[in-house]
Each structure stands twice: as C-alpha cells, then as structure tokens.
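Trainee: generate coordinates for the sequence data below:
(one chain, ligands or ions: 2)
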Amino acid sequence: MPLRIILAGATGWVGRALVPAIAAAPDLDLVAAVSRATAGTEIDGAPVFATVGEALAVPADVLIDYTKPDVVKANATAALEAGLAVVVGTSGLDADDYAGLDAIARAKGVGLHAAGNFSITATLMKRFTLEAARYVADVEIIEYASAGKPDAPSGTGRELAEALAQVRRPATSRPVDTVVGLPQTRGGAIGTGANEVRVHAVRMPSFSLAIESILGAPDERLTIRHDAGSSAAPYVAGTLLAARKVGGWTGVRRGLDMLLD
Ligand SMILES: NC(=O)c1ccc[n+]([C@@H]2O[C@H](COP(=O)([O-])OP(=O)(O)OC[C@H]3O[C@@H](n4cnc5c(N)ncnc54)[C@H](O)[C@@H]3O)[C@@H](O)[C@H]2O)c1
Ligand SMILES: O=C(O)C1=N[C@H](C(=O)O)CCC1
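Mentor: Numbering: from 1, shown residues only. Ligands and ions are numbered 1, 2, ... in the order given. The predicted model follows:
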C-alpha cells in the first residue's frame with residue numbers, strides 16, 4: 001500500500017515542486033493538501049484544507065510541512081499527536097523546539113525527520129565543514145538569503161551551526177564580550193562558551209540561499225560554500241527520501257546527512 005502523505009504548504013514554492021514528484025512516485029499517495037488560498041478545491045485528486053488540523057481527519061501516514069516558521073511547530077505537534085510521522089522542511093525551529101517535539105513523538109511512538117536543507121550538495125557542504133572543523137579551530141558562518149526571508153538564521157545555517165557547536169575546537173578569536181565598538185557586528189551565537197559558533201545573516205534581493213563556512217588557521221584559510229539556484233528542485237528528492245524513511249524510528253532525527261549512510 002502506498003505511503004499516505006498530507007502536504008502542508010502545497011501551493012508554496014517547495015510545495016508546488018513536491019506535488020508532481022509525489023504523483024510520479026508509485027509508492028507515495030497524496031491524500032490531502034493544506035493551502036489556505038485554495039481550500040475546498042483538489043490538488044491531483046486530493047482534497048485541499050485550510051489547516052493541518054482539518055486535513056488530519058483524512059487517514060494518513062506522514063505529514064510533510066513546508067509552510068512558515070511561525071506555524072510549523074503547531075502543525076508538527078498536531079500531526080504527531082494524531083499519530084502521524086512528520087517531515088519538517090520549514091525553517092525556524094531550534095534545538096529546544098526539536099527537544100519538545102521529540103518528547104511528543106516518543107510519547108506517541110512515531111518519528112519526525114527535519115532537515116535545514118534537503119539538497120544533496122548543501123548536505124555535503126555541512127558534512128565537509130564538520131570534518132574540517134575537527135582540524136581547524138576557528139570557524140564562522142556567513143549566509144545570504146532573500147530580502148523577505150522571515151527567519152534568521154536560515155534552517156540551513158542553524159542546523160550547521162548547532163552541529164558545529166557539538167564538534168568544534170575552541171576558537172582563538174577574541175571573546176566577543178571584550179570587543180570594543182559594536183559587538184553585535186560579530187554575528188549571532190549558536191552554542192555557548194568556547195563552543196559557540198558565530199553566524200552572520202545577510203538578507204537582500206537576488207539571493208536564494210547561499211552559505212559559507214570560513215575556517216581560518218595562521219596564514220591560511222579554507223572556505224566551503226554552497227549556492228542554491230532559483231528553483232525548488234534540489235529539495236524534492238531529499239524530502240521524499242525522508243518521508244519514506246521516517247516510519248523507521250521513534251523521536252526526532254535531524255539532517256539529511258543521517259539518511260545518506
Ligand atoms: N529544508 C529545506 O531543504 C528547505 C528548502 C526550501 C525552503 N525551506 C523552508 O521551507 C519553508 C517554506 O518555503 P517556501 O519557499 O516553499 O515558502 P512559500 O512562502 O513559497 O510557501 C509556504 C506556503 O505555506 C503556506 N502557509 C502559510 N501559513 C500557513 C498555515 N498557517 N497553514 C498552512 N499553510 C500555510 C503559504 O500560504 C504558502 O503557500 C520556509 O521556512 C523555507 O525556509 C526549506
Ligand atoms: O528560500 C528559503 O527560504 C530557503 N530556506 C531554507 C533555509 O531556511 O535554510 C533552505 C533553502 C531555501
């Protein structure tokens with residue numbers, strides 16, 4: 001029997017790319033979609049609802065969420081409480097949010113998979129940065145996104161910084177609280193103390209999402225950079241891989257990298 005999918009954000013940028021990919025996959029079945037603008041209609045034969053709460057009346061296995069940072073937590077919570085596995089593509093949630101969702105998922109005996117970036121090359125960028133940070137102490141992140149992106153850092157930058165904070169060696173740069181001038185120009189900190197990672201979020205027209213890790217050592221420097229193009233195509237395969245796999249565990253797992261091995 002195909003895996004029954006509810007897709008929230010079905011008429012958004014990523015959602016519109018996922019709909020035909022789900023239709024083309026014999027093992028996946030779009031049973032309901034969530035889109036406030038087109039509620040009451042159908043997408044590929046699936047009923048469209050205005051809210052995730054309404055869509056959950058349709059029997060399903062997995063909720064895929066590509067909505068907005070301010071609603072994704074409530075959507076994921078409702079789906080977990082209803083006993084569905086969840087795939088989170090939407091950005092905006094931090095480690096504490098995922099700890100809360102993990103407790104709910106475990107209580108319900110279902111899985112949640114979230115990735116700040118479901119593209120394969122962005123995931124490789126994360127993997128290469130984590131490897132490099134084992135050898136080079138000083139690392140900072142610069143990310144560039146569209147002028148209207150509501151969240152900062154991006155899901156990509158947050159996931160990378162949280163993972164880096166777990167593995168990095170203590171930086172040699174001057175502690176930010178000793179900086180003279182405007183310490184906030186040293187970026188936002190993810191992690192604490194010697195393990196914190198500085199993220200600098202640029203927002204302006206012309207960017208989709210680009211992210212750089214800069215690793216500096218005396219008299220040399222390594223930059224690892226990912227640039228996303230203008231279509232949502234890079235996120236489709238990883239998202240559907242997560243939907244297929246998320247029934248295989250209980251609780252929260254994060255990062256496309258952990259699905260690749
Ligand atoms: N993880 C990844 O690989 C990845 C890739 C691309 C985008 N994203 C993230 O996914 C999210 C969506 O991105 P997008 O570019 O498709 O955005 P978008 O604005 O094009 O689409 C979001 C959709 O969600 C709908 N929506 C808003 N509030 C809603 C609600 N309360 N209930 C249901 N639907 C609601 C909007 O109407 C819209 O159709 C963003 O947070 C973005 O950063 C993640
Ligand atoms: O366009 C966006 O918004 C994107 N968001 C993701 C993020 O927050 O990291 C990644 C890809 C594009």
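Trainee: would you mind listing what in the stretch 101-250 of the chain touches ligand 1?
Mentor: Residues of the stretch 101-250 of the chain found near ligand 1 (Cβ under 6 Å from any ligand atom) are Ala115, Gly116, Asn117, Phe118, Gly155, Tyr235. C-beta: built from backbone N, CA, C; applies to glycine.
Trainee: per-domain residue ranges of this structure.
Mentor: 3-117+232-260, 120-227 (automatic domain parsing).
Trainee: give the contact list for the residue of the stretch 101-250 of the chain found nearest ligand 1.
Mentor: Per Cβ to the nearest ligand atom, Phe118 is where the stretch 101-250 of the chain lies closest to ligand 1, at 3.6 Å. Remark: with contacts taken as Cβ atoms under 8 Å, 6 or more residues apart in numbering, Phe118 is in contact with Gly89, Pro234, Tyr235, Val236, Ala237, Gly238, Thr239, Ala242, Leu256.
Trainee: what does the stretch 101-250 of the chain put close to ligand 2?
Mentor: Residues of the stretch 101-250 of the chain lying near ligand 2 (Cβ under 6 Å from any ligand atom): Gly116, Asn117, Lys149, Ser154, Gly155, Thr156, Ser208, Leu209, Ala228.
Trainee: what is the burial count for the nearest residue to Arg106 once chain neighbours are set aside?
Mentor: Leaving aside its sequence neighbours, Arg106 sits nearest to Gly251 (Cβ to Cβ, 6 or more residues apart in numbering; 4.8 Å). Neighbourhood size, Gly251 [other Cβ atoms under 10 Å]: 17.
Trainee: Gly251 reaches Asp102, doesn't it?
Mentor: Yes - between Gly251 and Asp102 there is a contact under Cβ atoms under 8 Å: 4.9 Å.
Trainee: between the two, what contacts are shared?
Mentor: Contacts common to Gly251 and Asp102, judged by Cβ under 8 Å, 6+ apart, are Leu112.
Trainee: low-confidence regions, the stretch 51-200 of the chain specifically.
Mentor: Of all residues in the stretch 51-200 of the chain, none has pLDDT under 70.
Trainee: one more time with 80
Mentor: For the stretch 51-200 of the chain, applying pLDDT under 80 flags the ranges 193-194.
Trainee: helices along that one, start to end?
Mentor: When assigned using DSSP state H, counting those that start in this stretch, the helices of the stretch 51-200 of the chain occupy the ranges 52-55, 72-81, 95-108, 120-133, 155-167.
Trainee: pipe these into TSV and attach mean neighbour count per row.
Mentor: Below are these laid out as TSV (neighbours: other Cβ atoms under 10 Å):
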stretch	mean neighbour count
helix 52-55	20
helix 72-81	22
helix 95-108	16
helix 120-133	18
helix 155-167	23
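Trainee: would you mind giving those helices as JSON lines with distance to Asp261 added?
Mentor: Below are those laid out as JSON lines (distance: least, Cβ to Cβ, whole Å):
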{"stretch": "helix 52-55", "distance to Asp261": "31"}
{"stretch": "helix 72-81", "distance to Asp261": "25"}
{"stretch": "helix 95-108", "distance to Asp261": "21"}
{"stretch": "helix 120-133", "distance to Asp261": "10"}
{"stretch": "helix 155-167", "distance to Asp261": "15"}
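Trainee: returning to what we had before: most packed of the domains of the chain?
Mentor: domain 3-117+232-260 (a mean of 20; mean count of other Cβ atoms under 10 Å).
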